[in-house]
Each structure stands twice: as structure tokens, then as C-alpha cells.
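J.: model this:
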Amino acid sequence: MNRLAKKRWPDILAPYLFVSPFLVSFIFFFVFPSLYSIVLSFFKYRGYGPMTFVGFGNYRSIFVYPTFWKSVTNTLFYWIAHIIPVMTVSFLLAVMLNSKLMKARNIYKTLIFLPQVMSLVAASLIFKVLFATRTGVINTILGTQIPFMESAGLAKWTVIAFIFWRSIGWWMVIFCAGLTTVNPELLEAAMVDGANAPQRLARITIPLMKPIFLFAFLTDTISTFKIFTEPTLILGNATSLSSQPHVTPIVGILVSSLNGGQFGMASAYGWVLFLIIFIVSLIQLRVVRGGDESEA
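T.: Numbers count the residues shown, from 1 in each chain. Predicted structure coming up:
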């Protein structure tokens with residue numbers, strides 16, 4: 001028995017040795033920083049010198065800071081204004097490209113996905129050339145000087161257009177993969193029963209794609225609530241963005257706190273953002289699962 005036990009030990013330890021690099025890096029680069037940031041959020045700390053305990057002072061400062069609530073409104077706008085159009089157009093493109101009547105579908109997939117492959121900085125420069133007030137392509141063609149990137153009302157829509165252009169290709173590929181899970185025999189049976197294409201899409205394809213839609217909505221929600229790069233590249237650098245409360249997202253204020261040496265405040269912003277994302281994600285899960293339960 002001892003010999004058998006000794007022989008089994010290598011077999012038992014082997015899987016853990018294979019995953020140990022990931023576990024070590026996960027602990028050091030995610031678990032420990034996350035726990036440390038929780039502690040740091042209760043202190044006033046500039047990155048050097050002593051740490052001053054302030055309790056919930058950082059959180060109180062956040063919730064009475066008017067610019068924070070404006071940044072929450074901006075972030076919600078970025079999320080709400082793009083998520084339904086992006087998901088709808090991406091899904092319809094995926095359905096179209098999945099059709100047997102579609103020719104050269106791989107070429108169209110590549111062209112639609114191309115913005116996702118393009119460098120984010122290069123794409124933002126293209127949008128600056130398009131939407132510039134005096135020398136922009138759009139204003140030059142129209143003979144106008146519309147302040148797309150300077151106006152408080154239009155600047156966020158310019159960012160939405162950028163997100164829309166970049167995101168469609170990615171979610172189209174995800175939905176194309178999801179459509180492969182739909183049993184074609186169900187569609188053929190519905191066709192035999194006299195269901196037309198819109199009816200098959202509404203009654204069979206979309207219900208079976210609910211897990212994919214849930215994944216897409218949750219993933220897009222998390223990434224949008226952490227948005228910072230797109231408005232920074234389109235509307236200005238990290239410093240100038242923080243001075244524009246009408247377009248600044250939550251992460252913009254977080255970065256501004258880091259630049260100001262307010263590490264405790266920045267940690268508090270991070271955990272408030274985590275709670276917002278957590279609550280919104282729970283609501284989305286509740287809505288989707290509630291729909292499933294009602295159908296059952």
C-alpha cells in the first residue's frame with residue numbers, strides 16, 4: 001500500500017504543478033492587490049510617507065462630490081446609448097452572414113471585423129480627422145463647422161459613434177459562433193409547419209440564443225462601465241479629460257485621483273465602481289432568468 005501511495009503522489013501533484021504558474025500570478029497580481037486596495041480605501045495615502053486612517057471618509061467624499069454623480073451619468077449614457085443598437089445590428093449581421101443565400105461571407109466578415117483589429121490609437125486619429133470642427137472631413141463636405149468634439153451635447157455622441165464602429169465586428173463574430181449552436185432541424189421543422197423567416201427568428205433562434213445574449217450584455221456592460229480609453233483618445237488626454245465633466249466617465253475621475261497622488265481615494269472609487277457593475281449585472285441576470293422562469 002505504501003508503494004502504491006508513493007506512486008500515486010506524482011499523479012496527484014502533477015495537475016497542481018501545471019496550474020501553479022497561473023495560481024501564483026493570480027494571487028500576486030490580482031488577489032493581493034485587490035485586498036490591499038480595500039484596506040487602502042480607508043486611508044489617506046499619497047504613495048509615500050505615513051498612511052492616515054480616515055475610515056469611510058473617502059467614500060463620504062465620493063458621494064458628496066457633484067462631479068462623481070456627473071461621471072456616473074456620463075458612464076450610464078455611454079452604456080445605454082450604444083448597447084441596444086450595437087447588439088441589434090451585430091446580431092442581424094450575424095444572421096445575414098449565416099444565411100445560405102449569402103455569398104462571399106468570409107470577405108464580409110473580415111471587412112466588418114477589421115475595425116476591431118485596428119490599433120485603438122490609429123482608429124481614434126481617423127475619427128479626429130473625420131469629426132474635427134474646422135478641418136474635419138464631415139464638416140468640409142457639408143460646408144459647416146459643427147463642434148462634434150467640443151460641444152457638450154455632441155462630444156459624447158462622437159464617442160458613441162466610435163464605440164459603435166469598433167464593437168459591431170466583435171459581437172458579430174460572437175453571435176455567428178452562437179448561431180452554430182441552434183439546431184438546424186428545428187428551423188427546418190418550423191419551415192415545414194409554415195413559419196416564415198421572421199417567425200423562425202423570433203420563436204426559435206432568439207430564445208435559443210439567450211445564453212449568448214446574456215454573455216454579450218454582461219461582458220459589454222462591464223467593459224463600458226470601465227470605459228476610459230475611447231473618450232480620452234477622442235476628446236483629449238487624461239489630464240484634459242478630467243477637466244471636462246460633461247464627458248468624463250467614472251474611471252476618468254479615478255485616474256485623476258491617481259495623478260493627484262490620492263491613492264486611498266482612487267481605491268475607494270475603484271470599489272464603488274465595482275459595486276455599481278455588480279448591481280447592474282445582477283439586474284441583467286434577474287431580467288433574463290425571470291424571463292426564462294415565466295416561460296417555464
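
J.: Tell me where this structure has strands.
T.: 43-44, 52-53 (DSSP state E).

J.: Which residues does the last one contact?
T.: To tie it back to what came earlier, the one meant is strand 52-53. Strand 52-53 is contacted from outside by Phe42, Phe43, Lys44, Tyr45, using Cβ atoms under 8 Å, 6 or more residues apart in numbering. For glycine as for every other residue, the C-beta is placed from the backbone atoms N, C-alpha and C.

J.: looking at the chain, which helix or strand is least sure?
T.: helix 238-242 (a mean of 54; mean pLDDT, DSSP states H and E).

J.: Among the strands of the chain, which comes closest to Thr144?
T.: Across those, Thr144 has its closest neighbour in strand 43-44 (49.3 Å, Cβ to Cβ).

J.: Partner strands of the closest one and their direction?
T.: Strand 43-44 has the following strand partners under DSSP bridges: strand 52-53 (antiparallel).

J.: any idea of the mean pLDDT in the partner strand?
T.: Strand 52-53 comes out with an average pLDDT of 90.

J.: Figure out how far that strand is from the centre of its chain.
T.: Distance, stretch centre to chain centre, for strand 52-53: 34 Å (Cα atoms, centre = their mean, to the nearest Å).

J.: Repeat that for stretch 183-191.
T.: Put simply, stretch 183-191 sits 34 Å off its chain's centre (Cα atoms, centre = their mean).

J.: Could you list the buried residues of it?
T.: Leu187, Ala190 (16 or more other Cβ atoms under 10 Å).

J.: Now do the same for Lys128: its pLDDT.
T.: 87.

J.: cool, and Met1?
T.: For Met1, the model assigns a pLDDT of 48.

J.: Over to Lys7?
T.: pLDDT at Lys7 comes out at 57.

J.: Repeat that for Thr110.
T.: Thr110 is given a pLDDT of 87.

J.: try Gln199
T.: 86.

J.: Same question for Pro10.
T.: 72.

J.: go on, Leu208?
T.: Model confidence at Leu208 (pLDDT) stands at 88.

J.: So, low pLDDT: which residues of the protein?
T.: 1-7, 237-243, 290-296 (pLDDT under 70).
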